[in-house]
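>>> sequence and computational prediction follow.
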Amino acid sequence: MSELEAWEDLSNIPADPPVMRDLCAACERPSVVCWCSALPAERLTPQSNVILLQHPAEEKRCLRTAPMLQLGLAENKCLIFKGKKFPLPKHENLENILLQPNTVLLYPSKTAVDIRDLENKDESYNLVLIDGTWPQAKAIYASSPILHKIKQVKLLTSTSSSYIIRTQPTEGCLSTLETAAEALSQLENNPLYKEQLVQPLHMLCKYQLENGAVTHQSKEFLIKTKTYPKLIGKRLSKLLKSTNECVLNQS
């Protein structure tokens with residue numbers, strides 16, 4: 001093909017942008033993969049509030065679970081703040097929330113207590129979760145001194161993750177949605193939250209599996225069965241050891 005012919009081909013490319021798929025106004029996903037029909041018929045209204053400290057990388061994931069949580073709960077019952085360090089001037093009212101005596105941080109530290117052992121079970125809590133991978137969560141915690149001052153709680157559960165289309169570090173890991181749903185059920189002493197809030201995740205995984213996705217085993221499982229396709233680096237080895245220690249501390 002001559003240079004002139006190549007330029008003629010380029011000139012024939014239509015200037016109009018490609019037709020975009022219709023997006024759902026609520027979840028902002030293409031209508032054909034919208035999971036809104038699986039949301040609770042009426043948005044749930046727990047006594048407590050969920051505060052997500054979200055790593056910026058989470059916003060770029062196409063299969064996020066935080067929007068499911070936010071749309072499943074009543075308005076302003078799930079607040080999301082984005083960043084790698086908290087609080088920052090852009091995080092309106094976050095510092096005030098973090099300093100309230102009824103605020104607890106769900107983080108598996110050595111000093112964390114079982115969330116079911118909180119003294120005032122009838123009180124409304126601000127339940128703070130860090131939304132990101134385990135290394136991202138540790139980095140956010142390390143760079144946010146205010147989080148170290150908050151009463152820390154841990155979640156003891158035998159629930160297995162339904163997020164089977166995403167590889168988890170270890171067998172006991174739950175998605176942000178599942179963690180919040182389980183925590184709310186324990187705080188409110190009501191299984192409704194873990195039963196209803198996770199339904200959009202079930203719908204998402206079902207659709208993905210029906211359209212070519214495969215079930216993912218955890219990295220821990222793959223390593224134990226010697227089927228992990230990569231060499232185990234120092235970072236992964238340290239992560240698995242750290243996560244397993246948290247699980248042992250909680251059991």
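Alright, I've got the coordinates. Numbers count the residues shown, from 1 in each chain.
>>> low-scoring stretches of the stretch 151-251 of the chain, by residue?
162-172, 213-251 (pLDDT under 70).
>>> in the stretch 151-251 of the chain, which spans are helices?
Applying DSSP state H, counting those that start in this stretch to the stretch 151-251 of the chain gives helices spanning 176-188, 192-196, 199-210, 219-224, 234-250.
>>> please name every helix or strand in contact with the shortest one.
Going back to what we said before, that points to helix 192-196. helix 176-188 (3 or more CB pairs under 8 Å, 6 or more residues apart in numbering; DSSP states H and E). C-betas here are computed from N, CA, C, even on glycine.
>>> packing partners of the helix it packs on?
So helix 176-188, by 3+ CB pairs under 8 Å, 6+ apart, packs with strand 49-54, helix 66-72, strand 126-131, helix 192-196, helix 199-210.
>>> let's go with 6 Å and repeat that
helix 66-72, helix 192-196 (3 or more CB pairs under 6 Å, 6 or more residues apart in numbering; DSSP states H and E).
>>> who's in contact with the longest one?
Helix 66-72 is touched from outside by 27, 39-40, 52, 78, 131, 176-177, 180, 197, 200, with contacts defined as CB atoms under 6 Å, 6 or more residues apart in numbering.
>>> per-residue confidence for Glu119?
Glu119 is assigned 77 on the pLDDT scale.
>>> re the thing from before, is it possible to get a markdown table of the helices and strands packed on helix 176-188 that adds distance to Val32 and mean neighbour count?
Shown next, in a markdown table, are the helices and strands packed on helix 176-188 (distance: least, CB to CB, whole Å; neighbours: other CB atoms under 10 Å):
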| stretch | distance to Val32 | mean neighbour count |
| --- | --- | --- |
| helix 66-72 | 17 | 23 |
| helix 192-196 | 23 | 17 |
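>>> what would the ones you listed look like in CSV with distance to Trp35?
Formatted as CSV, those follow (distance: least, CB to CB, whole Å):
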stretch, distance to Trp35
helix 66-72, 7
helix 192-196, 13
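>>> select, out of the ones you listed, the one closest to Tyr207.
helix 66-72 (13.5 Å; CB to CB).
>>> any idea how far that closest one is from the chain center?
10 Å (CA atoms, centre = their mean, to the nearest Å).
>>> in the stretch 1-150 of the chain, which spans are helices?
Using DSSP H, counting those that start in this stretch, helices in the stretch 1-150 of the chain cover 3-11, 56-59, 66-72, 94-98, 134-142, 145-148.
>>> deepest-packed of those, please.
Comparing the helices of the stretch 1-150 of the chain by mean neighbour count (mean count of other CB atoms under 10 Å), helix 66-72 ranks first with a mean of 23.
>>> dump that one to PDB, keeping only the CA atoms.
The C-alpha trace of helix 66-72 is given here as PDB (Å, rounded to 0.1, in the frame of the first residue of the first chain):
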ATOM      1  CA  ALA A  66     -18.100  -0.900  47.600                       C
ATOM      2  CA  PRO A  67     -20.900   0.500  45.300                       C
ATOM      3  CA  MET A  68     -23.000  -2.500  46.200                       C
ATOM      4  CA  LEU A  69     -22.700  -1.700  49.900                       C
ATOM      5  CA  GLN A  70     -23.400   2.000  49.400                       C
ATOM      6  CA  LEU A  71     -26.600   1.300  47.300                       C
ATOM      7  CA  GLY A  72     -27.700  -1.400  49.600                       C
END
